[in-house]
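# structure for this input, please:
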Amino acid sequence: MEKISEMGKLYLKDYYVLMEAQDQSHTFLNTVLENVVNRIEERREELPDLGENYYWKTWSNKTNLGHYQIYLKTKKENKLLRANRVDIIINYRDVRHTTILKDPTAVRISIDCTNYFNNKVNKISQSELDEASSKAIEIGTSVDYVEKRLFNKEINLNLSSASDSAELIADELIERAIGIAVFIESVVDKNNINI
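The predicted structure follows:
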């Protein structure tokens, strides 16, 4: 590159200030995420118990912070989930892991599923899906079972308090886990699968 753009000139002129701001921003976001992870672990008993064949797992990107997952696995295959596979995931992503935030001072909570889950859902009758979806909606989780992204929400961070932000996010993640459990339990029970 022979010549730098005007935007590049502005960046270089304020390089040290911008790097300090980035470091502070990343430290704050890391603190929020660390607090979220700790709160979920402290509140693990609030994750719904669907019986001995189901279990909740968590994952956090340790090398590139800003992405956290809670997912439900089953030991026995049923109408929606494969045994010991991840077919439905609650994702937490901050600005470092998504480019579609309307506000970079927010985080995105989404429920995503695999093609397998999506295909299985599409084989269930509309009335059963509507019933399962309405049960999930009653507790605040709308499930768009036509898409692979079943739920999507942005939560604005309290930039004055990482712990307040984390508490709000942990509440949201647990509510989504309950919504997933209600949806799956309703569909599985309707199809005479013993959970």
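# need the helix or strand of this protein with the lowest average pLDDT.
Sorted by mean pLDDT, DSSP states H and E, the helices and strands of the chain end with helix 126-138, the least confident at a mean of 83.
# okay, buried residues for that helix please.
Neighbour-count burial for helix 126-138 flags 128-129, 132-133, 135-136 (criterion: 16 or more other CB atoms under 10 Å). Bear in mind the C-beta positions are built from the backbone N, C-alpha and C, glycine included.
# residue ranges with poor pLDDT in this protein?
142-148, 189-195 (pLDDT under 70).
# rewinding a little: for residue 112, state which of the buried residues of helix 126-138 is nearest.
For those, the closest approach to residue 112 (CB to CB) belongs to residue 136, at 15.4 Å.
# wait, the closest one touches residue 183, no?
Yes: Residue 136 is within contact range of residue 183, at 4.3 Å (criterion: CB atoms under 8 Å).
# now do the strands in this protein.
Counting by DSSP state E, one finds strands in the chain at the ranges 54-60, 67-74, 88-93, 106-113, 149-156.
# got a markdown table for those, with mean neighbour count too?
Shown next, in a markdown table, are the strands of the chain (neighbours: other CB atoms under 10 Å):
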| stretch | mean neighbour count |
| --- | --- |
| strand 54-60 | 15 |
| strand 67-74 | 20 |
| strand 88-93 | 22 |
| strand 106-113 | 21 |
| strand 149-156 | 17 |
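# make CSV from these and add distance to residue 25 to it.
Output for the strands of the chain, formatted as CSV (distance: least, CB to CB, whole Å):
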stretch, distance to residue 25
strand 54-60, 19
strand 67-74, 16
strand 88-93, 15
strand 106-113, 13
strand 149-156, 15
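# excluding chain neighbours, what is closest to residue 52?
Spatial nearest neighbour of residue 52, chain neighbours left out: residue 75 (7.7 Å); criterion: CB to CB, 6 or more residues apart in numbering.
# and the one you found, its phi and psi?
Dihedral pair for residue 75: phi -80, psi -20, per degrees, to the nearest 10.
# I'd like the numbering to begin with 35 instead of 1 from here.
Okay, residue one is now 35; in that scheme the one you just asked about reads as residue 109.
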